[in-house]
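would you be able to build a 3D model of this:
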Amino acid sequence: AIQVDDDSISRRDFEDQLDEVYENEAFRGVLFGQVGQEQLRGEDDPRGSFAQEYVAAMGFVQIQFMVIPTVLDDEGLELTDADREAVVEQFDSSAPGALDALPESMRDEYVDGFAGFDKLRTELGDDFEAVFTVALDEADIEVSSRYGSWDRDQRTIVQPAGPLPAPGDGDGEGTDPADASDLPAG
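This next block holds a predicted model:
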């Protein structure tokens, strides 16, 4: 689904994450604020289909999480168990149960991603945004055309040219992105 340099997430894993975050209200709130399921998928839309804004936002989260290890390495920083434990404590305090409801591998990925962000923000201070932007610009980012494409100038995933079929649905009917027009861009 998405590749950043030598790291990638498969279509199946990405779509599993879309499903998990859709179902996990507490975790969804951490990622996107007060976004309801109806903004992510229309009431009559088939299971596995989502608004393009949601797919793009989740894709951007993945891209950021795949860039973080490079930035940490470039800055000579390493995540510690204490960094990870701090993130788990933050989640347990602000969104009880949000992490516990995720599959273990997904939970670990998100904990590392958030811990990496926290570590970089703390260590880089005011330079964080500039350093991270340069890392995004230098990364070789590819997004499956099924989910859109990476726009290097805007540093975002843009929608595919036309509607795509829902996973496992060959009729050519896609989702209406207008159903989630209020979804934050991530």
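
shaky segments in the protein?
Within the chain, the stretches with pLDDT under 70 are 162-186.

helices of that one, residue ranges please.
11-23, 25-32, 37-40, 52-74, 81-94, 104-124, 128-138 (DSSP state H).

buried ones in the second one, by neighbour count?
Put plainly, it is helix 25-32. Using 16 or more other Cβ atoms under 10 Å as the test for burial, helix 25-32 gives 27, 28, 30, 31, 32. Using the backbone N, CA and C atoms, a C-beta is placed for each residue, glycine as well.

just checking, residue 5 touches residue 140?
Yes - using Cβ atoms under 8 Å, residue 5 is in contact with residue 140, at 5.3 Å.

more neighbours: which of the two?
Each of residue 5 and residue 140 has its neighbours counted (other Cβ atoms under 10 Å); residue 5 has more, 14 against 9.

contacting residues for the more buried one?
66, 70, 139, 140 (Cβ atoms under 8 Å, 6 or more residues apart in numbering).

from residue 143, how far off is the residue nearest to the first one when sequence neighbours are not counted?
Same thing as residue 66. The shortest distance from residue 66 to any non-neighbouring residue, by Cβ to Cβ, 6 or more residues apart in numbering, is to residue 4 (3.8 Å). According to Cβ to Cβ, to the nearest Å, residue 4 stands 10 Å off from residue 143.
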